[in-house]
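Visitor: Whatever this is, show me its structure:
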Amino acid sequence: MFRVVGVIGAGTMGQSIAEMLAVKGLDVHLVEKTQDKLQQARDMLELSLDRQLERWAITTAEKKLTLSRIHMEASLHDLAKCDLVIETISEELESKKEVMRQLDAILTPEAIVASNTSTLSLTELAGASKYPGRVIGMHFVYPAFRIDVVEIIRGLQTSDETFAKTKSFVEDALTKKGVMVYESPGYVTTRLICLLINEALHLLAEGVASPEDIDDAMSMGYSFEHGPLEMADRFGLDSVLAALERMFREYGELKYRPSFLLKKKVRAGQLGIKTGIGFFKYDKDGERLP
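Guide: Down below sits the predicted model:
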């Protein structure tokens, strides 16, 4: 079973995956391009653990142990000893392909490379590697350490061995439910949640209800932790827009065409938690302001 895992990309999702892996007792090598971004990731990881500490969900010793298992790295070459690498960089096909090519020269041929992509083709990504059989999709839902499901996606050339090892890792080591999903833009979770968010935006644009009332109706009516508009803020409005645009291009169906309100927010730089304002306002710790 995998004991040393690499995570490429120290953004919101990369941090969440790294924290989840470390809590499960795995050594994690978290890679980002600059020391500033690595320090920011370290600060956010500590903040996340401090929140759990405040709720008595963990002890101070557990916090220290979790942080000690996460090693901040500034180069992909620091992943040489990893037997599993999860890439979580931005949803840009060519950037992800370049990562695949670089990993060919760094990892052993037996190491598995998993992509957390939600909308790009695994088959196309794997085609950039000399070893396409080892490439697979592991799509975590944010926050990864709290959500107990992982979508496992096979590309056309993903080997049976790679799939079996990945499913075993997800269910045995991570104690999460592994859901087998066939390659399709958006898979299950992204495809459905983006449609919900987009429809909520149409309701808002039509003046049917206020942002607060739309979210209250869904969170209280259907036991969602957050309503669709706050979900969008937490995912990043730019990420939601990019996902909808890709699905619109792939499927050609009008239901995936992004609301003009979403485009307007992104153009204004109001991206949600990452900028402190989206459909709602947030403090520096990501807590929603009244």
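Visitor: What residues of whatever helix or strand residue 40 lives in count as buried?
Guide: Here residue 40, judged by DSSP states H and E, is contained in helix 35-54. Using 16 or more other CB atoms under 10 Å as the test for burial, helix 35-54 gives 37, 38, 41, 42, 44, 45, 48, 49, 52. The C-beta positions use only the backbone N, C-alpha and C, and glycine is treated the same way.
Visitor: just stretch 226-244 next, same as before
Guide: Here stretch 226-244 shows 227-244 as buried, counting by 16+ other CB under 10 Å.
Visitor: Beyond the helix or strand bottoming out on mean pLDDT in the chain, next helix or strand please.
Guide: Ranking every helix and strand in the chain by mean pLDDT, DSSP states H and E puts helix 35-54 at the bottom, with a mean of 91. Counting by DSSP H and E, the element after helix 35-54 in chain order, helix or strand, is helix 60-68.
Visitor: Please state the offset of that following helix from the chain centre?
Guide: Relative to its chain's centre, helix 60-68 lies at 23 Å (CA atoms, centre = their mean, to the nearest Å).
Visitor: Enumerate the positions of that helix that are buried.
Guide: Applying 16+ other CB under 10 Å to helix 60-68 flags 63, 66 as buried.
Visitor: which outside residues touch that helix?
Guide: 19, 22, 23, 45, 46, 49, 50, 52, 53, 58 (CB atoms under 8 Å, 6 or more residues apart in numbering).
Visitor: again, but for stretch 185-205
Guide: 118-121, 137, 139, 141, 149, 151, 153, 179, 181, 184, 209-211, 214-215, 218, 227-229, 231-232, 240, 243-244, 246-247, 250-251, 255-256, 258-262, 279.
Visitor: Contacts only, for residue 181.
Guide: Contacts of residue 181 by CB under 8 Å, 6+ apart are 137, 139, 151, 152, 153, 187, 188.
Visitor: Touching the helix or strand residue 216 falls within from outside, list them.
Guide: Counting by DSSP H and E, the element that carries residue 216 is helix 211-221. Here helix 211-221 makes contact (CB under 8 Å, 6+ apart) with 196, 200, 203-204, 208-209, 224-230, 279-280.
Visitor: among these, which are in helices?
Guide: 196, 200, 203, 204, 228, 229, 230 (DSSP state H).
Visitor: so what's the fifth one closest to, chain neighbours aside?
Guide: In this structure, residue 228 finds its nearest non-sequential neighbour in residue 200, 3.9 Å apart by CB to CB, 6 or more residues apart in numbering.
Visitor: Could I get the pLDDT score of that neighbour?
Guide: pLDDT recorded at residue 200 is 98.
Visitor: How about the one 10 residues further on?
Guide: The predicted local distance difference test score for residue 210 is 97.
Visitor: ok, now which ones touch it?
Guide: residue 204.
Visitor: Next step: the contacts of stretch 185-205 restricted to helices.
Guide: 211, 214-215, 218, 228-229, 231-232, 240, 243-244, 246-247, 250-251, 260-262.
Visitor: Tell me which helix or strand residue 191 sits in.
Guide: helix 189-205.
Visitor: I'd like the distance between residue 13 and residue 132.
Guide: In this view, residue 13 and residue 132 are 24 Å apart by CB to CB, to the nearest Å.
Visitor: So which of those two has more stuff around it?
Guide: residue 13 (24 against 20; other CB atoms under 10 Å).
Visitor: Need the nearest residue in space to the more buried one, chain neighbours excluded.
Guide: Closest to residue 13 by CB to CB, 6+ apart is residue 88, at 4.8 Å.
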